[in-house]
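Colleague: Compute the structure for the input listed below.
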Amino acid sequence: MAAEKNPVTRSGMGMRATSGRARVFAKRCLAALSVLAGVAAAPAWAQGGVEGFSPSLAVLPLPGLFAGLCLLLLVLVLWLALQLRQQRGQAQQLAAQEHARSEQLQQQNGRLEVALLEKAQLEQRLREQAEAFERLANEDDLSGLPNRRAFDDVLARDMAAARRTGRSLSLVVLSIDHLKQINAEWSRAVGDLVLCEVGDLMRRSLRASDMPARLGNKEFAVLLADTALPEAEVACQRLQRLFGQYAEWGGHEAGDIKVSFSAGVVQLGEDDQAPVLFYQRAKNALAQAKKEGRARTCAA
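Modeller: The predicted model follows:
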């Protein structure tokens with residue numbers, strides 16, 4: 001009986017020894033995987049090369065070898081699952097960062113668009129203000145005609161162009177007759193309205209290429225481009241007729257107020273070397289018209 005039990009005992013001891021070897025083999029395979037994955041250093045038994053590996057583990061019975069391979073496969077599956085989980089987490093983290101970055105860029109783009117819109121609106125307002133200031137600087141606020149500053153600029157420019165091209169240029173300087181009397185008899189407000197109506201009549205009767213301007217209280221001027229002296233006289237006569245036909249001066253109907261003007265007309269000549277000389281010749285002709293009785297045009 002004792003002899004019969006010995007084989008069983010030897011067999012059980014053999015199986016336990018085999019199982020122990022399988023566990024050691026699996027553990028060392030797991031360690032080898034960790035080394036390959038870079039998460040652990042090589043164990044002492046593997047640092048010596050082949051000589052450190054126990055030959056007894058190389059020869060395992062089939063049941064023990066199968067168990068070791070199953071355990072190794074399980075460890076490998078778990079390791080791959082862990083890697084996939086880590087990669088998925090990293091991908092989610094990168095996606096969240098990318099989303100946050102995209103929202104940040106959208107917000108920055110929105111702020112940039114608002115800033116560009118505000119800049120464009122500001123530039124438009126500045127242009128409008130600059131144009132308004134330019135008009136104020138060059139426009140008579142009562143009659144709406146160009147003022148003396150604008151007239152002087154255009155006079156110098158047109159004189160230079162006429163000398164360069166050889167074209168004719170004429171200048172009319174006119175003064176409203178008896179404006180002081182109109183202010184005294186009808187009020188200053190009526191006199192101002194008369195000046196506004198003078199400006200309106202001049203704009204309506206002149207060509208688009210002509211430039212009317214108000215130079216002072218009752219003094220006006222007209223630059224007539226490409227116009228010789230006889231044609232300039234005809235333009236003055238036409239304007240005189242319009243003054244006589246207008247029946248609502250100062251807002252009064254039925255011709256209660258009569259308005260006329262005296263004018264001096266000159267054509268650019270060789271002696272007119274400067275704008276002031278050209279203008280002074282027209283002023284001298286105007287003085288002659290006033291001397292002769294007003295409501296008339298004198299050419300020089």
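
Colleague: going forward, measure contacts between C-alpha atoms and count neighbours the same way
Modeller: OK.

Colleague: what's the spacing between the helix or strand harbouring Val77 and its chain's center?
Modeller: Element membership for Val77, per DSSP states H and E: helix 62-138. Averaged C-alpha coordinates place helix 62-138 at 28 Å from its chain's average position (Cα atoms, centre = their mean, to the nearest Å).

Colleague: Can you name every helix or strand that that helix contacts?
Modeller: If contacts are counted by 3 or more Cα pairs under 8 Å, 6 or more residues apart in numbering; DSSP states H and E, helix 62-138 sits against helix 2-37, helix 148-165.

Colleague: comparing the ones you listed, which gets the lowest mean pLDDT score?
Modeller: Note on these: helix 2-37 shows the lowest mean pLDDT, a mean of 51.

Colleague: can you pull the contacts of Leu229?
Modeller: 170, 265-267, 299 (Cα atoms under 8 Å, 6 or more residues apart in numbering).

Colleague: Filter the residues you listed down to the ones in strands?
Modeller: Among the contacts of Leu229, DSSP state E puts 170, 265-267, 299 in strands.

Colleague: Just want the most central residue of the protein.
Modeller: By Cα atoms, centre = their mean, the chain has its centre lying nearest to Ala120, at 4.0 Å.

Colleague: buried stuff in stretch 171-189?
Modeller: Across stretch 171-189, burial judged by 16 or more other Cα atoms under 10 Å covers 171-177, 179, 182.

Colleague: Pass me the low-pLDDT residue ranges in the stretch 1-150 of the chain, would you?
Modeller: For the stretch 1-150 of the chain, applying pLDDT under 70 flags the ranges 1-65.

Colleague: if we go to 80?
Modeller: The model of the stretch 1-150 of the chain has pLDDT under 80 over residues 1-68, 135-136.

Colleague: residue boundaries of the helices in the stretch 151-300 of the chain?
Modeller: 179-186, 188-205, 229-245, 275-291 (DSSP state H, counting those that start in this stretch).

Colleague: Just the C-alpha atoms of the last one, please, in CSV.
Modeller: In other words, helix 275-291. What follows is helix 275-291, C-alpha atoms only, in CSV (Å, rounded to 0.1, in the frame of the first residue of the first chain):
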residue,chain,number,x,y,z
PRO,A,275,-3.0,137.0,-58.9
VAL,A,276,-3.1,140.2,-56.9
LEU,A,277,-2.3,142.3,-60.0
PHE,A,278,-5.1,140.6,-62.0
TYR,A,279,-7.5,141.0,-59.2
GLN,A,280,-6.6,144.7,-58.7
ARG,A,281,-7.3,145.5,-62.3
ALA,A,282,-10.8,144.0,-61.9
LYS,A,283,-11.3,146.1,-58.7
ASN,A,284,-10.3,149.3,-60.6
ALA,A,285,-12.8,148.5,-63.3
LEU,A,286,-15.4,148.0,-60.6
ALA,A,287,-14.6,151.4,-59.1
GLN,A,288,-15.1,152.9,-62.5
ALA,A,289,-18.6,151.3,-62.8
LYS,A,290,-19.6,152.7,-59.4
LYS,A,291,-18.2,156.1,-60.4
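
Colleague: in that helix, what's buried?
Modeller: Going by neighbour count (16+ other Cα under 10 Å), the buried part of helix 275-291 is 275, 278-279, 281-290.

Colleague: Show me how the record splits the chain into domains.
Modeller: Listed by automatic domain parsing, the domain ranges of the chain are 2-85, 148-299.

Colleague: relative to helix 148-165, how tilted is the helix holding Val77?
Modeller: 90 degrees (axes from the mean of the first three to the mean of the last three Cα atoms, to 10 degrees).

Colleague: how about the helices of the stretch 151-300 of the chain, which one is nearest Gln93?
Modeller: Among those, helix 188-205 comes nearest to Gln93, with 75.4 Å by Cα to Cα.

Colleague: tell me which residues in the closest one are buried?
Modeller: The neighbour-count check on helix 188-205 (16+ other Cα under 10 Å) flags 190-199, 202-203 as buried.

Colleague: Ok, stretch 292-300 next?
Modeller: 294-299.
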